[in-house]
Every structure is written in C-alpha cells, then in structure tokens.
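[1] Any chance you could fold what I've pasted below:
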Amino acid sequence: MEFLIAFSTDDGKNFNEGHFGMAQFFHVYRFSEGKEEFVETRENVKYQEDETLKHGDPGKANAVSSVLKDIDVIVGQRMGPNIVRLLKKYVCVVVKTNAISDAIQLVQANMERIIEEKNKGEDRKHIVLRP
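    Numbering: from 1, shown residues only. The predicted model follows:
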C-alpha cells in the first residue's frame, strides 16, 4: 500500500511551532513497502492571508485541504480545532518529537495503526506517536 504523507514545517528539518495548518510549508513523502522517499515541498499558500481568522475557522481547513488534495496522512506536533474537519479527509498524526526525520521513523514503525485508521473513513480518530 502506498501513502502520500505531509509533514508541517517552517524550516524543512523540524516541525513548525504552531498548529499543523499554520506551517509555512508541507514536506511530502511517499511511503511504500517499508520505504519512504521525499517527493516535494508545498507552500502553504494561505499561510499569510487573513490572520484575523481564529483557530478552527472552516476557511483555514479548506485552504490547507486545497494544498494537500492528494495526501493521505498529515503529521504535525500540534493540531488545532479544525482536526474534526481534517479527520474526514486525512489520517491525522500528532508526533511528540521535533525532528521530521524522527517522525518519519515513528510513522514507519506505526504504519499498521495508520492503515487501520485510514480504513475507518470519516469515523477515524487521530493518532499520537511518541519516540
């Protein structure tokens, strides 16, 4: 099974400090057959738009989703109130580590759990992974 997985980042190495949707960029990796490969960096095009919008605003969730149309799983250190909307489209993974490289290993080690949640469709719950 193949997945496209997006990691939230501002610097390309570590997770951004805010919620997933507040990242400047998303690093996209393809996970398949126990391997991962970097695919591309996507800019969060709505990142600097209307900062008066509060966390949990449906417009923010739609903006993030438009950048991540073909993504299966999203990974970040924090998810905001929009997680209820994002779970309908993605498996949402919260990691308790700073480095994206460490998170990649956590995702690989927990792929069965991720597949199980993906198969639940809109009834899925988020996953928390710790080193």
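[2] For the protein, spot the helix or strand the model is least confident about on average.
    Every helix and strand of the chain was ranked by mean pLDDT, DSSP states H and E. The lowest is helix 58-67, at a mean of 77.
[3] After that helix, which helix or strand is next?
    strand 73-76 (DSSP states H and E).
[4] what about stretch 94-111, how long is it end to end?
    14 Å (CA to CA, to the nearest Å).
[5] Does Met79 touch His126 like I think?
    Yes: applying CB atoms under 8 Å, one finds Met79 in contact with His126, separated by 6.6 Å. Bear in mind the C-beta positions are built from the backbone N, C-alpha and C, glycine included.
[6] what about the two, which has more around it?
    Taking neighbours as other CB atoms under 10 Å, Met79 and His126 compare with Met79 leading, 21 against 16.
[7] so which strand or helix has the more buried one?
    Applying DSSP H and E, one finds Met79 in no helix or strand.
[8] Tell me the pLDDT of the most centrally placed residue in the chain.
    Nearest residue to the geometric centre of the chain (CA atoms, centre = their mean): Ile74, 1.9 Å. If you check Ile74, the pLDDT there is 98.
[9] Show me the beta-bridge partners of it.
    Following DSSP bridges, Ile74 is listed with bridge partners Ala6, Cys92.
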